[in-house]
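**Q** Quick one: sequence and predicted model below, then my questions.
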Amino acid sequence: MSWEAEVEKLLKTTEGEVFEKATLQSLWKLMNNGYIDSFEFPISTGKEGNVFRARQKDRLIAVKIYRINTATFRSISKYLMYEPPQRVKRDRRSIIFAWALKEFNNLKKLYNAGVRVPEPIAREGNVIVMEYIGTEEQPAPLLKDAEIKDAEKVFDRIKKYLRLMYHKAELVHADFSEYNVLMDGDEPVIIDVGQTVSKDNPMAMEFLRRDVKNITKFFKKYIRVDEEEILKYILEG
């Protein structure tokens, strides 16, 4: 099937969605270079963009497409104030492209540090290709929606990943909660790392405290957790 037919199929799965010329060009390059063969269905939709399940030959992949529009631009610009990209024009397209590159690079840092994130595969413009998390039957659920059989085990994994993130990748998620973790069986997978900042950022400690507060609040429904103890565990490494 031609790339035009695949994009047409993609549009049919997202009612009312219109892809900008820059997005279509990015999709064409990724498909032409063999990173995407076919699209299947949307996994998630949001104000900033959509994530689709797709295939690269026989392999299932996830394709994240950031929107290039005012709402997305304003939301992302807020976070870019904390770590502005170097030598980037201030127009919407350039900012969104820089954001997608930032998320892709953060995924690589985290993956190489041993943090369980979707493996980054390719990035072009405002489109990121990454590992698909889930089964052939269905995508992995968010932590907030998942059936948690062993909360202690899951929380221990998350603590470990936050510590690896801080010490080995030298990053702080900055928007961490049960909405940014997928459950691959009983294994937590951290997602949405575009806003992630360096641990040397002046706002890093404030963000880390907020991340810890958010995730401990969620797990208090299942187990006994202490916010200050978790923060100490992460910082001491």
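**A** Yep, it's here.

**Q** Name the helix or strand of this protein that has the lowest mean pLDDT.
**A** None of the helices or strands of the chain scores lower by mean pLDDT, DSSP states H and E than helix 70-80, at a mean of 60.

**Q** Just the C-alphas of the next helix or strand after it, formatted as PDB.
**A** If you walk from helix 70-80 toward the C-terminus, the next helix or strand you reach (DSSP states H and E) is helix 92-112. Output of helix 92-112 as PDB, limited to C-alpha atoms (Å, rounded to 0.1, in the frame of the first residue of the first chain):
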ATOM      1  CA  ARG A  92       5.400  27.200  16.100                       C
ATOM      2  CA  ARG A  93       6.800  24.500  13.800                       C
ATOM      3  CA  SER A  94      10.400  24.900  15.000                       C
ATOM      4  CA  ILE A  95       9.300  24.800  18.700                       C
ATOM      5  CA  ILE A  96       7.200  21.600  18.200                       C
ATOM      6  CA  PHE A  97      10.100  20.000  16.200                       C
ATOM      7  CA  ALA A  98      12.500  20.900  19.000                       C
ATOM      8  CA  TRP A  99      10.100  19.400  21.600                       C
ATOM      9  CA  ALA A 100       9.800  16.200  19.700                       C
ATOM     10  CA  LEU A 101      13.600  16.000  19.400                       C
ATOM     11  CA  LYS A 102      13.900  16.700  23.100                       C
ATOM     12  CA  GLU A 103      11.500  13.800  24.000                       C
ATOM     13  CA  PHE A 104      13.300  11.500  21.600                       C
ATOM     14  CA  ASN A 105      16.700  12.300  23.100                       C
ATOM     15  CA  ASN A 106      15.300  11.900  26.700                       C
ATOM     16  CA  LEU A 107      13.900   8.500  25.700                       C
ATOM     17  CA  LYS A 108      17.400   7.500  24.500                       C
ATOM     18  CA  LYS A 109      19.100   8.700  27.700                       C
ATOM     19  CA  LEU A 110      16.500   6.900  29.900                       C
ATOM     20  CA  TYR A 111      16.600   3.700  27.900                       C
ATOM     21  CA  ASN A 112      20.400   3.600  28.000                       C
END
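
**Q** Now helix 92-112: average pLDDT?
**A** Taken as a whole, helix 92-112 carries a mean pLDDT of 92.

**Q** try stretch 120-138
**A** On average, stretch 120-138 scores 97.

**Q** Check the gap between the residue nearest the centre of the chain and residue 124 for me.
**A** Per Cα atoms, centre = their mean, the C-alpha nearest to the average position across the chain is that of residue 192, at 2.4 Å. Residue 192 is 19 Å from residue 124, where distance means Cβ to Cβ, to the nearest Å. The way it works is simple: take the backbone N, C-alpha and C, and place the C-beta from them, glycine included.

**Q** and what of residue 32?
**A** As defined by Cβ to Cβ, residue 32 lies at a distance of 10 Å from residue 124.

**Q** what sits in contact with each of those two?
**A** Contact criterion Cβ atoms under 8 Å, 6 or more residues apart in numbering; residues shared by residue 32 and residue 124: none found.

**Q** Just to check, residue 201 is in contact with residue 166?
**A** No: counting by Cβ atoms under 8 Å, residue 166 is not a contact partner of residue 201; they are 11.9 Å apart.

**Q** out of the two, which sits in the busier spot?
**A** A side-by-side neighbour count of residue 201 and residue 166, using other Cβ atoms under 10 Å, places residue 166 first with 20 against 16.
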